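coords below, sequence missing:
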């Protein structure tokens, strides 16, 4: 028992330290990719714990919740949707990396060397800086990344508001590392780099003193999420802020940061949040007559127009006054409770899907993925109070009842399955 408790304590300790990039090379170096822990997947309890802590501290400090139900569920839904492709394939970044390593590596750095570990840390963070910068400076890449910036709030749920499509292009930037760094060490750092960026999405931590010179912190990252003129296209760093200082993209937090997109979307429907900018780019390109201008709509900066410089300018941006109020439509308490309960239900299904994916057929995985998307879409319709939300939700509930009847979906509380089964039997 004492040994089991020690192992559990060690696991909790490692998980906590992984969130803040505090693991040592000795405990996070592996010879084979298969041996690398699923740090991101294992971090779910820590995500939840830190979000609850932020909620409590925020209430104590400000007297108001730092998270709204509509925005928080939308952010968590975006995070869920972004990981659904992993049910059907290995991550693009790792798959492409392993291919280049197997066929084109120039040297083979030792996997068990601390020097390799630290070199990889710097390399991954440097590559991330350019992934992130290009995602802001190339419109078609921004179409994916804008998802992460679409919240008008700034809290730990915002960190999980990720794009489903960004992963299909970001892998390109890491390929040079595959010429020398073993995939197992890369697989560690690509996860730890992502985990570190979770805790910096908060307003509760104001200043970290000398650490601000070297590391990306909540203070620096708040600027990155701002739509104030001084905030736009600044502070791209992942773990380190030194890249921004070196390449001229650094900005200090000065006046109050107003969060979100320059033109807020004011929507919570998840597929719209994920995909609307692609449609906008297509419509924008159709307004131009020449092929070159049509292509440049996708390849230049998001605010580019013919006659402007590559990154465009911000003369058409709405003026930020600092008095902006985030989009938070009023909706009944009963509807809020309903949405939260059904979100928890689909979260349970989502978790079970990832836990059991190796034992499920591809057809079952596709079907369950479709159900998760249907549920998140329908809940978004309810939050937005769209006219068709009642019809869509009725259809979704019928699908849910059918899946519960055939044990494809587990109820949040087992006793709830009884009335569900009775109703489906009578029908």
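Yep, that arrived. If you're wondering where the values come from, they're calculated on a predicted model, not measured in any experiment.

tell me the buried residues in stretch 99-110?
With burial defined by 16 or more other CB atoms under 10 Å, the residues of stretch 99-110 counted as buried are 100, 101, 109. Yep, even glycine has a C-beta here, placed from its N, CA and C like the rest.

then stretch 333-351?
So for stretch 333-351, counting by 16+ other CB under 10 Å, buried means 336, 339, 342, 343, 345, 346, 347, 349, 350.

just curious, which of those is nearest to residue 377?
Of all the buried residues of stretch 333-351, residue 346 has the smallest distance to residue 377: 10.7 Å, by CB to CB.

from residue 198, how far out is the closest one?
According to CB to CB, to the nearest Å, residue 346 stands 22 Å off from residue 198.

ok, residue 65 next?
As judged by CB to CB, residue 65 and residue 198 stand 19 Å apart.

what of residue 368?
With CB to CB as the criterion, residue 368 and residue 198 are 26 Å apart.

what do you get for residue 272?
25 Å.

helices of the stretch 301-427 of the chain, start to end?
333-355, 362-384, 389-405, 417-426 (DSSP state H, counting those that start in this stretch).

just name the most buried of the ones you listed.
Among the helices of the stretch 301-427 of the chain, helix 362-384 has the highest mean neighbour count (mean count of other CB atoms under 10 Å), at a mean of 19.

now the angle from it to helix 333-355?
160 degrees (axes from the mean of the first three to the mean of the last three CA atoms, to 10 degrees).

quick one: list the elements packing against helix 362-384.
If contacts are counted by 3 or more CB pairs under 8 Å, 6 or more residues apart in numbering; DSSP states H and E, helix 362-384 sits against helix 69-83, helix 270-286, helix 333-355, helix 389-405.

tilt between that helix and helix 270-286?
80 degrees.

residues contacting residue 73?
When contacts are counted by CB atoms under 8 Å, 6 or more residues apart in numbering, residue 73 is found next to 268, 339, 340, 343, 379, 383.

can I get these in JSON lines with distance to residue 15?
Converted to JSON lines, the contacts of residue 73 look like this (distance: CB to CB, whole Å):
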{"residue": "268", "distance to residue 15": "31"}
{"residue": "339", "distance to residue 15": "30"}
{"residue": "340", "distance to residue 15": "26"}
{"residue": "343", "distance to residue 15": "24"}
{"residue": "379", "distance to residue 15": "29"}
{"residue": "383", "distance to residue 15": "32"}
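
in TSV, list the residues you listed along with distance to residue 303 and pLDDT.
TSV is the format used below for the contacts of residue 73 (distance: CB to CB, whole Å; pLDDT from 0 to 100):
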residue	distance to residue 303	pLDDT
268	25	95
339	35	96
340	37	96
343	35	96
379	32	97
383	29	96
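
can you count the residues close to residue 32?
As a burial measure, residue 32 scores 11 neighbours (other CB atoms under 10 Å).

okay, the closest residue to it other than its chain neighbours: pLDDT?
Leaving aside its chain neighbours, residue 32 sits nearest to residue 184 (5.7 Å; criterion: CB to CB, 6 or more residues apart in numbering). pLDDT, residue 184: 97.

residue 184 contacts residue 35, correct?
Yes. Using CB atoms under 8 Å, residue 184 is in contact with residue 35, at 6.8 Å.

and those two? Which one has more around it.
Shown here are residue 184 and residue 35; by other CB under 10 Å, residue 184 has more neighbours (18 against 11).

using the three-state scheme, assign the more buried one.
helix (DSSP: H, G, I helix; E, B strand; the rest coil).

ok, now which ones touch it?
29, 30, 31, 32, 33, 35, 36, 111.

roughly how far apart are residue 273 and residue 250?
Per CB to CB, residue 273 is found 29 Å from residue 250.

likewise residue 284?
Residue 284 is 30 Å from residue 250, where distance means CB to CB.

who are the contact partners of residue 311?
With CB under 8 Å, 6+ apart, residue 311 has these contacts: 137, 233, 300, 301, 303, 304.

equivalent analysis for residue 136, please.
142, 145, 233, 236, 301, 302.

if we use 6 Å, what do you get?
Going by CB atoms under 6 Å, 6 or more residues apart in numbering, residue 136 touches residue 233.

next one: phi and psi at it?
phi -100, psi -20 (degrees, to the nearest 10).

what does residue 215 give?
The phi/psi pair for residue 215 (degrees, to the nearest 10) is phi -100, psi 150.

that one: how many residues sit nearby?
By other CB under 10 Å, the residues close to residue 215 number 17.

care to break this protein down by domain?
With domains defined by automatic domain parsing, the chain comprises 18-247, 333-426.

tell me which of those sits most buried.
Of all the domains of the chain, domain 18-247 has the most neighbours on average by mean count of other CB under 10 Å, namely a mean of 18.
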